[in-house]
Each structure stands twice: as structure tokens, then as C-alpha cells.
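In: Model the following, please.
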Amino acid sequence: MWKNMGLTGKIIVAMILGIVLGLGINYFGLNAEGSFINTYVTNGFFAIVGKLFVNSLKMLVVPLVLISLICGVCGIGDIRLLGRIGGKTFFIYMVTTALAITTAIGLGSLFGIGKGMHVDSTATFEAESAPPLIDVFSNIIPSNPISAMANGDMLSIIFFAMLIGISILMVGKPAKGLVQSLELINEVILKMVTIIMNLAPYGVFALLTKAMAELGFDLIWSLLGYVAVLVGALFFHFFVTMMVILKLTSGLSIKTFLAKMRDVQIFAFSTSSSNATIPITLRTVTERMGVNNSVASFTIPFGATINMDGTAIMQGTATIFIANLYGVDLGISGYLTVILMSVLASIGTAGVPGVGLIMLSMVFAQVGLPIEGIGLILGVDRILDMLRTAVNVGGDAAVTVIVAKSEGEMDVAVYNDPNAGVKEIFDGHIDADSERELSAVFKDDLIGSEYDDHKRG
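Out: From the prediction side, this is the model:
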């Protein structure tokens, strides 16, 4: 059965098994500090397998973004069009972030989470300082592009790649050979993504088992109101707000979008990293949704850096929860401050590790809430971080589709084809020996029974 199952089915099975096994380990107390299970299984074997999987994805992020964006700029061919796409993308990202935190504040206030509650916690939180906004903007232009790539400074990498692409356009016809070489390198990197995707079920299983074994039921139950409202806000924003925006602005099928985003969001959920999911998101929006690489190569990395709808929802919900817990009345002005701060902080803390908690500490400081209150929600932040990352990447893809459709830079026929992007590895003419070799490598793990459907077709 496993061999005949497609990649999506394998990932879903692995996710369910990981959650069940992890919660079972926690429930029966097998993950106690210093125990064999804790030392050699959850923080040993599963930690290593999960880390290897995440690292294999992150390994491709910088070369993929750099090469793909250069090719994308060259593909646009018009510098003014590039500026229009950039401005439109930035505007939509900021609007959706503002809508996200407004939704969270509204639901948190409606249900009064935190009122009359007493949560005992020994957890503490020391807020790290966020970089000044002026440094964020000045560092967009890297003094050392190699260092920026080594550190994964995405805004700097985006700027450097766009500058190279624009320069190639200005050189013109003599640079044609260079462009073709870059496009070939881009194809090779995308094939590397395909290979790594075969490891996804095992990486997802390891990551979720470890996360659930450490989290357990008790902590979630003690913060049930906060968790429920936050999860509800995340679901409402993605499945209602973003899908309504997608339908109204593009006219495309919501059902098709959600079906094709399923794999991407499972990856995002398991890795808790928008950046690590960039290769999968790019592959999906270009090959499965028909978005031109010239648009996707800019909007996806840009969105992974500054589009933080899920994080904004966490900030709004946490702010209401802690304010009610400590009996602080924020008032309308306080709510407006939270919304404005969250939108600005999504830019100002771009690319900073632990960005969600840094942004939250900035918001708390601005509205006069105790920073140590963050310690109360740290325990459940891991699982919620997984959910909000899935919302973040979903928003990146939705905005990419909206922008591409508005600019006429997508193939709607590909978007509407449920099998688009699944069989392209077998397209073209290959001899029997090559076909058997490809079958042995990819058939079971990549697309399962869909390979057989392609053969019959």
C-alpha cells in the first residue's frame, strides 16, 4: 500500500502517525528528562532525522532564490514592469497583515480570552532587541553579498539578485548565453528539490513526533482559550479572508488553490520555517499553478521575508490574552497601536531569528504590557508556530497568484489542470532504459499511482 501511495498521501499518513506517537510518548511519561527515550529517541534519532530534513531544504534556499530571481528579472524584460510588480506585491502583503491582526484582536476581544484566568508558570522570557528600522533598510544593500548569502539575509539577497538581473538586461544580446546557463542551473536546482521531496514523509514524521512528545496535552489544556482563539483566527484568515480576496481579485477557483497548496502547507507545518519552504512553494506556484517564474521568483522570497500574517495573528491574540490576564484595558487607541506596530514590525524584524517573539515583545513594550507575560505562552508556541507558518506560506502563494493573474503572467489552463506539475518529470521523449531508471528512482516516492496513469495516457 505504501509503495502505491502518492507523495501527498504518504506525508499525511506520516503526519498523523507522528502526532499520535509523540502524544503517546508524552502521555505515558516516556519522555522524562534523562530517560532513554528522551536522550536517544526524541532528542536523539528523531531530532537528527528532522534536522537533516530541514537542513536539506534550507540548503537550497539561497541558490534557488538567487538564480531563480535573476532568471525572473531577465524574463520580465522591462524594469518598469518589475517596479510595478514589486509595489503591488508589497501593498497587498501589508494589507493582508493588517487584516490578519485585526481579525485576531476582534476574535480575542469577542471571546474575552484570559479574563478571570490564573496560569501558574515558571517560564521566563528575556526580550531580544530588534534591529532599528533604519538599519533594516540600510542593510538591504549588502556591503558583502557573499556574507549576505552565507547568513541567509533574504532582503539583501533579493536586492543583489535583482541588480544582477537588471544589469544583464542592460547588457542585452551579448548576455544571452549567460541567461541560458542560469536557466539551466535553475532547472538543476529544481530537480534537487524534487529529490529532497522524496524524503518528506520521513522528515515530517520525525519532526512531529519530537514536537508532540515535548508538548503533550496538559499545557495545551491549561491555555485552551488562547490556543482555540489563535487557531480559529488562523483558520478564518486563511480559509475565509485570503480566499475571498483571491476569488474577488483573480476569479480563480478556491478549491483548486487549496488542493494544490496542501503539500506546501504540510511542509511548512512540519518545518516551522517559511524560508525552508521556499523551494517547495516556488515549485508549486510555477509548475502546478502556472505562475510565470519572473513573478514567483520575486514574490515568494519577498513574502517569506516580510509577509507574516500568521505571526501577526499570534501577536494580536497574545496581546488580548495577556492584557486580560493582567487586567490592562488597552482601549481603541491601544488596539490601533498594536495593528500599526505589527505591520511595521513585520518589515523591521525581517529575517531575524525568533522573529515572532521579538515582534511580540516590541508590541508589548509599546502598549505597556509586561514583557514577562510572554513566558506564559512560550510552552505552546512551538505547535502554534507550525500552524502560523502554514498560514504564512499560504498567504505568500495566494498573493503571488493574485499579482501574476493581474499582470497576465500566469497560465490559467495550468492552474485549472489538477494534474499539472505532477507528471512533468516524464514529459518529452526518453528511451526505454532511461524510463526504467527514472521509474526505479521516482515512481513510488514521488507521485505513486499517478505515474501509471501517465503511462496509460
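
In: Show the residue spans covered by the helices in the stretch 51-200 of the chain.
Out: With DSSP state H, counting those that start in this stretch, the ranges of helices along the stretch 51-200 of the chain come out as 79-111, 133-138, 145-151, 154-171, 176-197, 200-222.

In: Buried residues in the longest one, which are they?
Out: For helix 79-111, the neighbour count (16 or more other C-beta atoms under 10 Å) marks 82, 85-86, 88-90, 92-94, 96-105, 107-109, 111 as buried. Glycine gets a C-beta too; all of them are placed from N, C-alpha and C.

In: That helix vs helix 154-171, what angle?
Out: Put simply, helix 79-111 runs at 160 degrees to helix 154-171, going by axes from the mean of the first three to the mean of the last three C-alpha atoms, to 10 degrees.

In: my guess is residue 236 meets residue 104, correct?
Out: No: counting by C-beta atoms under 8 Å, residue 236 stays clear of residue 104, with 9.2 Å between them.

In: Cross-check the contact I'm expecting between residue 245 and residue 403.
Out: No: Residue 245 lies out of contact with residue 403 (C-beta under 8 Å); the separation is 11.9 Å.

In: So for residue 283, which of the helices of the stretch 51-200 of the chain sits nearest?
Out: helix 176-197 (5.5 Å; C-beta to C-beta).

In: still on that earlier bit, so residue 245 and residue 403 - more neighbours on which side?
Out: Higher neighbour count among residue 245 and residue 403: residue 403, with 26 against 18, using other C-beta atoms under 10 Å.

In: Enumerate every residue touching that one.
Out: 85, 88, 89, 92, 295, 299, 409 (C-beta atoms under 8 Å, 6 or more residues apart in numbering).

In: any idea how far it is from residue 96?
Out: Distance, residue 403 to residue 96, by C-beta to C-beta, to the nearest Å: 12 Å.

In: cool, residue 211 as well?
Out: Distance, residue 211 to residue 96, using C-beta to C-beta: 27 Å.

In: pLDDT below threshold where in the stretch 1-150 of the chain?
Out: 116-133, 136 (pLDDT under 70).

In: Give me the secondary structure label for the nearest residue to residue 210 once chain neighbours are set aside.
Out: Once flanking residues are discounted, residue 210 sits nearest to residue 46: 4.4 Å by C-beta to C-beta, 6 or more residues apart in numbering. In three-state terms, and counting by DSSP: H, G, I helix; E, B strand; the rest coil, residue 46 is helix.

In: Residue numbering should commence at 480 henceforth.
Out: With the count now opening at 480, the last piece we talked about shows up as residue 525.

In: Residue 525 against residue 690, yeah?
Out: No: counting by C-beta under 8 Å, residue 525 sits too far from residue 690 to count as a contact (9.3 Å).

In: need the contact list for residue 509.
Out: Each residue near residue 509 by C-beta under 8 Å, 6+ apart is listed here: 516, 517, 692.

In: For the residue lying closest to the second one once chain neighbours are set aside, list the residues it contacts.
Out: Leaving aside its sequence neighbours, residue 517 sits nearest to residue 510 (C-beta to C-beta, 6+ apart; 5.0 Å). When contacts are counted by C-beta under 8 Å, 6+ apart, residue 510 touches 504, 516, 517, 521, 692, 693.

In: any idea which of those residues is closest to residue 678?
Out: The closest of the contacts of residue 510 to residue 678 turns out to be residue 521 (C-beta to C-beta; 19.6 Å).

In: list the contacts for the closest one?
Out: Contacts of residue 521 (C-beta under 8 Å, 6+ apart): 501, 504, 510, 688, 689, 692, 693.

In: Could you do residue 579 as well?
Out: Residue 579 makes contacts with 712, 716, 720, 788, 789, 791, 792, 795, as judged by C-beta under 8 Å, 6+ apart.

In: Just the buried subset of those residues, please.
Out: 712, 716, 720, 788, 789, 791, 792, 795.

In: for residue 583, what are its contacts?
Out: Contacts for residue 583 were tallied using C-beta under 8 Å, 6+ apart; they are 708, 709, 712, 791, 792, 793, 794, 795, 796, 799.

In: which of those residues lies closest to residue 850?
Out: Closest to residue 850 out of the contacts of residue 583 is residue 794 (13.4 Å), distances taken as C-beta to C-beta.

In: okay, now the closest one: neighbour count?
Out: The local packing of residue 794 (other C-beta under 10 Å) involves 29 other residues.

In: Spatially nearest residue to the spatially most central residue of the chain, not counting backbone neighbours?
Out: The centre of the chain sits closest to residue 753, judged by C-alpha atoms, centre = their mean, with a distance of 3.0 Å. Leaving aside its chain neighbours, residue 753 sits nearest to residue 783 (4.1 Å; criterion: C-beta to C-beta, 6+ apart).

In: Residue 628 now?
Out: Of all residues not flanking residue 628 in the chain, residue 541 sits nearest, at 5.0 Å (C-beta to C-beta, 6+ apart).

In: Contact partners for that neighbour?
Out: 628, 631, 636.

In: Repeat that for residue 867.
Out: Going by C-beta under 8 Å, 6+ apart, residue 867 touches 713, 788, 789, 790, 792, 793, 835.

In: secondary structure element for it?
Out: Using DSSP states H and E, residue 867 falls within helix 853-885.

In: Can you mark which positions in that helix are buried?
Out: Buried residues in helix 853-885, counting neighbours by 16+ other C-beta under 10 Å, are found at 853, 855-856, 858-860, 862-885.

In: Off-centre distance for that helix?
Out: Taking C-alpha atoms, centre = their mean, to the nearest Å, one finds the center of helix 853-885 at 6 Å from the center of the full chain.

In: Next: stretch 884-893.
Out: The chain centre lies 23 Å from the centre of stretch 884-893; the measure is C-alpha atoms, centre = their mean.

In: now the end-to-end length of it.
Out: 12 Å (C-alpha to C-alpha, to the nearest Å).

In: now what about that stretch, what contacts it?
Out: So stretch 884-893 is contacted by 560, 563-564, 567, 728-731, 767-771, 773-774, 880, 882-883, 899-900 (C-beta under 8 Å, 6+ apart).

In: Swap in 7 Å and give it another go.
Out: 564, 729, 731, 768, 769, 770, 771, 773, 774, 880, 883, 899 (C-beta atoms under 7 Å, 6 or more residues apart in numbering).

In: Among the residues you listed, which lie within helices?
Out: Using DSSP state H, the members of the contacts of stretch 884-893 that fall in helices are 564, 729, 773, 774, 880, 883.

In: Throw these into JSON lines and include distance to residue 655, thanks.
Out: Formatted as JSON lines, the ones in helices among the contacts of stretch 884-893 follow (distance: C-beta to C-beta, whole Å):
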{"residue": "564", "distance to residue 655": "23"}
{"residue": "729", "distance to residue 655": "33"}
{"residue": "773", "distance to residue 655": "16"}
{"residue": "774", "distance to residue 655": "22"}
{"residue": "880", "distance to residue 655": "30"}
{"residue": "883", "distance to residue 655": "25"}
